[in-house]
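K.L.:
I would like the atomic coordinates for the input below:
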Amino acid sequence: MQAASKAKISELQAIMTKMTLEVCCIAALPEFGVRWREVSQAVRNARLPMTSASVARILCRHVAKSLTAEDVADIVATLQLKLVATQTRTWHLLRLEGKQTDEPVGVLARSLPHRVRAALLASRARPVRPEVQTVKMGDLIYISLRLVSGIRDGSVLYLAVPPGQDVALASSLAPATLLKAAVQGLGYTEYVNANLHGRDIPSLLRISDPRWNENVDHLAQPPEYAPVPTITKNGIDYTNRTYDEQYVDNLIGPNPPLLTDLNITTTKSFFDPSRLNKQMNLTIQLKSEDIAKSLKAWVSRGALAPTSDFFQIYHKIKSNKITYSREDSD
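P.N.:
Numbers count the residues shown, from 1 in each chain. So this is what the prediction gives:
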């Protein structure tokens, strides 16, 4: 039995230390076949603080004595993928086309690593060793894959796949070979970049497919803007500020998708046609932790009208890059 190297044990400990204590307990402990009661007792006996770093330290002592190098390598790959699944990162949405198989989630999860490895080996002329790892967390299957040779290790590509949906989310669009192999492993022939990216996977899926949206029928048409005095806890608001905030909340809808950047291209007439009777090409870039919240805050401060085209755009958004014209919204 070949013991794991110190470098591999250190890598395992570093991965677990990066996790929160809750994620470490839920995601990591099942990989070692131990219970939280035993681990927490060992942490207390060692007089260590109850943190993920302490749990990692205790478990790595156990690993160094009882698991083989191959077992440790598998656990490192699995926990690295689980860490990715719980961290915030930018995901790019891909539309999958040419469906060839339709399998249950369990069958897909078991056969996926073998299929992806076969597709990677078939697409490479030089000798390489594909490393593929899958894990199911919540409603998604997460995949990590890379190519390893005797010279160097390739970059890792991560994917998140909602079973039964013709979409996938990739951590990068650059490694075309890895993407193609992953798409083939999922049972499709090709993929199309949807030009939609963000850090919140549920938001991206809701924008891409209305079936992921709890409010599918929300506002097929924008409501009429008819400001009236509004009763508040401090009296009657004649400034329309409260009405504007309520109007925007109703327009955007409950729990709007979370996007961090938006690129809008449009044309607009010059404000004084008597001076210049031409159309101007405009490009607007919005960057924020949450664009919907920023738009609402601008209305609350009076910096943006509640009838602004920004809200019409956000209401019908399908991509981070939009070409907008007023005629499209009529």
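K.L.:
and the strands in the stretch 151-300 of the chain, which stretches?
P.N.:
157-161, 167-170, 190-198, 230-232, 235-237, 261-269, 279-287 (DSSP state E, counting those that start in this stretch).
K.L.:
just tell me which of these ends up closest to Leu108.
P.N.:
Set against Leu108 and scored by C-beta to C-beta, those come closest in strand 157-161, at 8.5 Å. No exception for glycine: its C-beta is placed from N, CA and C like everyone else's.
K.L.:
thinking again about what came up before, export the strands of the stretch 151-300 of the chain to CSV and tack on mean pLDDT, distance to Lys8 and mean neighbour count?
P.N.:
Output for those, formatted as CSV (pLDDT from 0 to 100; distance: least, C-beta to C-beta, whole Å; neighbours: other C-beta atoms under 10 Å):
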stretch, mean pLDDT, distance to Lys8, mean neighbour count
strand 157-161, 93, 21, 23
strand 167-170, 94, 27, 23
strand 190-198, 92, 33, 17
strand 230-232, 86, 62, 12
strand 235-237, 87, 64, 11
strand 261-269, 88, 38, 15
strand 279-287, 90, 40, 11
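K.L.:
got any ranges where the stretch 1-150 of the chain has weak pLDDT?
P.N.:
Scanning the stretch 1-150 of the chain for pLDDT under 70 picks out 1-3, 123-126.
K.L.:
now do the strands in it.
P.N.:
Along the stretch 1-150 of the chain, counting by DSSP E, counting those that start in this stretch, strands occupy 91-97, 129-137, 140-148.
K.L.:
show me what the second one is packed up against.
P.N.:
Going back to what we said before, that points to strand 129-137. On a contact count with 3 or more C-beta pairs under 8 Å, 6 or more residues apart in numbering; DSSP states H and E, strand 129-137 meets helix 69-86, helix 105-123, strand 140-148.
K.L.:
same thing with the last one?
P.N.:
Other helices and strands packing on strand 140-148, by 3+ C-beta pairs under 8 Å, 6+ apart, are helix 69-86, helix 105-123, strand 129-137, strand 157-161, helix 176-185.
K.L.:
what domains does the record give for the chain?
P.N.:
6-86, 91-212, 230-329 (automatic domain parsing).
K.L.:
chain center to the second one: distance?
P.N.:
What that stands for is domain 91-212. Distance of domain 91-212 from its chain centroid, counting by C-alpha atoms, centre = their mean, to the nearest Å, is 13 Å.
K.L.:
got it, and the last one?
P.N.:
Taking the mean of its C-alpha atoms, domain 230-329 sits 25 Å from the chain's own mean (C-alpha atoms, centre = their mean).
K.L.:
what's the distance between the closest residue to Ser40 other than its chain neighbours and Ile58?
P.N.:
Distances taken as C-beta to C-beta, 6 or more residues apart in numbering place Met50 nearest to Ser40, at 7.1 Å, with adjacent residues excluded. For Met50, the distance to Ile58 equals 11 Å [C-beta to C-beta, to the nearest Å].
K.L.:
the two - which one has more neighbours?
P.N.:
With neighbours defined as other C-beta atoms under 10 Å, Met50 and Ile58 compare such that Ile58 has more, 20 against 10.
K.L.:
neighbours of the residue nearest to Gly150 when sequence neighbours are not counted, how many?
P.N.:
In space, Gly150 comes closest to Pro127 once its chain neighbours are excluded; the distance is 7.9 Å by C-beta to C-beta, 6+ apart. Residues lying near Pro127 (other C-beta under 10 Å) number 8.
K.L.:
thinking again about what came up before, can you say which of the strands of the stretch 151-300 of the chain is nearest to Lys180?
P.N.:
Closest of those to Lys180 is strand 190-198, at 7.8 Å (criterion: C-beta to C-beta).
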